[in-house]
Structure formats: C-alpha cells, structure tokens
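J.: let's see this in three dimensions:
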Amino acid sequence: MQRKAKPKALKTKAPGRNRAAGKDSFFESVYEVVRLIPKGRATSYGAIAAYLGTKLSARMVGWAMNAAGNVTPSVPAHRVVNRNGMLSGKHHFPEPGLMEKLLKKEGIKIKNDTIVDFEKVFWDPSRELL
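T.: Next comes the predicted model:
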C-alpha cells in the first residue's frame, strides 16, 4: 500500500514539538490534525497524541477538543472520540445530541453513544499522514 503525500497543512510530522520555541502551541497542533480528518471518518484522542509525538497526552487532546468550539477556522471536533469509539466528549457540544447528529450526517452509525464498527471508520493520522 502506497502512503499518501504529507498534506501542506502540516509542516512537520510533529508540529507540537516546536511549541517551546513559540512557533506552535499544542492545541493548535491538535487542531491542524483534526482539520485533516476526512468526512465520514473518526479518530481517537490517543491517536492524535501519538501522531504529535506525545503518546501520553491523550487527555490534553481532549482538553483541546473541549476548547475547539471557539476556534477559527472551525475544527470538526465531533470526529474525535475515545479509543473505543465512544462519544465521550458529547457533553462539551452546545446542544445535547449535536455530536451524534453531526457524525450521523456524515454517514457514521451510532448506537448507545458509540460508533458502530469503529475500526472501519477509524482514521489513524500516523498511517495516513507522513
């Protein structure tokens, strides 16, 4: 299987590593990755953290998603779920059920607040982005 070329939106494999130099914040690095998730696909907090080179920072990715509602350009935070496909961030959306509604609009099936066949819609940035 041939890998796709790195999108122009990501300048480095782990843009969050530049944050100490003031070039990039961790949250902004998370938002860059989330904006690349294709419609109809979803990923996990941990997969984003691993891609950014901070494997143990899945919780920080969650905090970034909690703050994503006020970010411009917009961030499709509804496409980020926990490692089991559960809509664990659903309470941080402006209205109840909005996260599920947005995912269903993209063709993703949800049952009991969990993505059905999560492994089939899972988008792994470490495999999809170089």
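J.: any idea how many residues pack against residue 84?
T.: 10 (other CB atoms under 10 Å). Bear in mind the C-beta positions are built from the backbone N, C-alpha and C, glycine included.
J.: do residue 124 as well
T.: 14.
J.: same question, the one 5 residues further on
T.: Here the count is done by other CB under 10 Å, and residue 129 has 18 residues near it.
J.: now residue 70
T.: 7.
J.: buried set for stretch 114-130?
T.: 115, 118, 121, 122, 123, 125, 128, 129 (16 or more other CB atoms under 10 Å).
J.: out of those residues, flag the one nearest to residue 107.
T.: residue 121 (8.7 Å; CB to CB).
J.: who's in contact with that closest one?
T.: 40, 41, 42, 108, 115 (CB atoms under 8 Å, 6 or more residues apart in numbering).
J.: show me what the helix or strand bottoming out on mean pLDDT in the chain is packed up against.
T.: The weakest-scoring helix or strand in the chain, judged by mean pLDDT, DSSP states H and E, is helix 125-128 (a mean of 93). Helix 125-128 sits against helix 45-51, with contacts defined as 3 or more CB pairs under 8 Å, 6 or more residues apart in numbering; DSSP states H and E.
J.: residue boundaries of the helices in this structure?
T.: Remark: helices assigned in the chain by DSSP state H are 26-34, 45-51, 58-66, 98-105, 118-121, 125-128.
J.: please convert the ones you listed to JSON lines, extending it with distance to residue 91.
T.: JSON lines is the format used below for the helices of the chain (distance: least, CB to CB, whole Å):
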{"stretch": "helix 26-34", "distance to residue 91": "18"}
{"stretch": "helix 45-51", "distance to residue 91": "15"}
{"stretch": "helix 58-66", "distance to residue 91": "9"}
{"stretch": "helix 98-105", "distance to residue 91": "9"}
{"stretch": "helix 118-121", "distance to residue 91": "19"}
{"stretch": "helix 125-128", "distance to residue 91": "25"}
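J.: residue 86 is nearest to which of those?
T.: Among the helices of the chain, helix 118-121 comes nearest to residue 86, with 8.7 Å by CB to CB.
J.: good, we can wrap up now.
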